[in-house]
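J.: I would like the atomic coordinates for the input below:
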Amino acid sequence: MQENVFEYYYNNVPNKGLCRNNLIYTSLISSDRKTFCQWFYNDTEYHGLKNKVVKPELMQEKWEREVGFLEKMQTHYPNHVPVVEDIDYKNKKIYYQIDGYDIWEQNSCTGETYEKVIADWKEQILEILGCYRKLGIYKYSLHPSSYFIVDGKIKSINHFFCYTDEDRPISISDIESHISEERLYMLKDYLAKNSVSYDTKQTFRTLQEIALNSFRTNFCGDFISDAKKVMLSDQ
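T.: As a prediction, this is how the structure comes out:
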């Protein structure tokens, strides 16, 4: 691990340029592009003074959720998450084995067809989402940058934004720091049109549907409609 040099990991978004890969943690990648690191540290330089999570106790909660739900997936569906090279509990870092950039970056950071990156991307991601559903996990971090490809198989990360029915109810305002300004703007318009209160506690199922709708521009075709059938199904 020490032999690798790590640098900030950004997504090169059309008409925006280099954008941070995640709002919560600091994203790092090794010089050989074989290791990705989630560093649950509020790095001002990386976040460009637009830091969303500034309270240490909230960062600690996000770290604990990431590790806890990752371990749950490792136990039940290890084929759907990357191999973990190391977890540095002291510095709150998780190191994953990857094969290059995430699928969004490989797709030039557009919501157009992902077939040029991996032919069966849709089937693979829907299978992964179905596994979260079977475990009773609501996953709200659904951005395509949450997926890496290893040996032709898609692997899922970003479990800091996961909940189960055992968690206390939350409102969207409770998790505002997890949502980008652009997505939040679109989300508020959706909430107004559907008479959903921003400050009222919602069921986790309702929040799952809202999260899915908010990612329509990031996935092509009927993916979100199919994802709803999977993640909102009755078990």
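J.: mind showing which ranges of the protein have poor pLDDT?
T.: 1-3, 235 (pLDDT under 70).
J.: mind redoing it with 50?
T.: 1-2 (pLDDT under 50).
J.: burial of residue 64, as a residue count?
T.: 13 (other CB atoms under 10 Å). Backbone N, C-alpha and C define where each C-beta goes, glycine included.
J.: got the buried residues for the helix or strand containing it?
T.: Using DSSP states H and E, residue 64 sits within helix 56-76. Buried positions in helix 56-76, judged by neighbour count with 16 or more other CB atoms under 10 Å: 59, 62-63, 65-67, 69-70, 72-73.
J.: contacts for it, please.
T.: Defining contact as CB atoms under 8 Å, 6 or more residues apart in numbering, one finds that helix 56-76 is touched by 24-25, 38, 40-42, 53, 80-81, 84, 87, 92, 94, 131-132, 135, 137, 156-162, 177.
J.: just the buried subset of those, written out for PyMOL, thanks.
T.: Burial among the contacts of helix 56-76 is assessed by 16+ other CB under 10 Å; the matching PyMOL selection reads:
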select buried, resi 24+25+38+40+42+53+80+81+87+92+94+131+132+135+137+156+157+158+159+160+161+162
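J.: mind listing which of the contacts of helix 56-76 are in helices?
T.: Counting by DSSP state H, the part of these found in helices is 131-132.
J.: among the contacts of helix 56-76, which are located in strands?
T.: The members of the contacts of helix 56-76 that map onto strands under DSSP state E are 38, 84, 87, 94, 156, 162.
J.: just name the closest of these to residue 196, please.
T.: residue 162 (20.9 Å; CB to CB).
J.: report the contact partners of the closest one.
T.: Residue 162 touches 65, 69, 132, 137-141, counting by CB under 8 Å, 6+ apart.
J.: how about 6 Å then?
T.: 65, 69, 137, 139 (CB atoms under 6 Å, 6 or more residues apart in numbering).
J.: then residue 92?
T.: Contacts of residue 92 by CB under 6 Å, 6+ apart are 40, 63.
J.: cool, residue 157 as well?
T.: residue 146.
J.: from residue 214, how far off is it?
T.: 19 Å (CB to CB, to the nearest Å).
J.: what does residue 32 give?
T.: 34 Å.
J.: with residue 10 instead?
T.: Taking CB to CB, one finds residue 10 at 22 Å from residue 214.
J.: what does residue 49 give?
T.: 25 Å.
J.: more neighbours: which of these two?
T.: The residue with more neighbours, out of residue 49 and residue 214, is residue 214; 20 against 6, by other CB under 10 Å.
J.: what residues are up against that one?
T.: 183, 187.
J.: for stretch 29-46, buried residues please.
T.: For stretch 29-46, burial by neighbour count (16+ other CB under 10 Å) applies to 29-30, 35-40, 42, 46.
J.: closest one of those to residue 124?
T.: Closest to residue 124, out of all of these and judged by CB to CB, is residue 36, at 18.2 Å.
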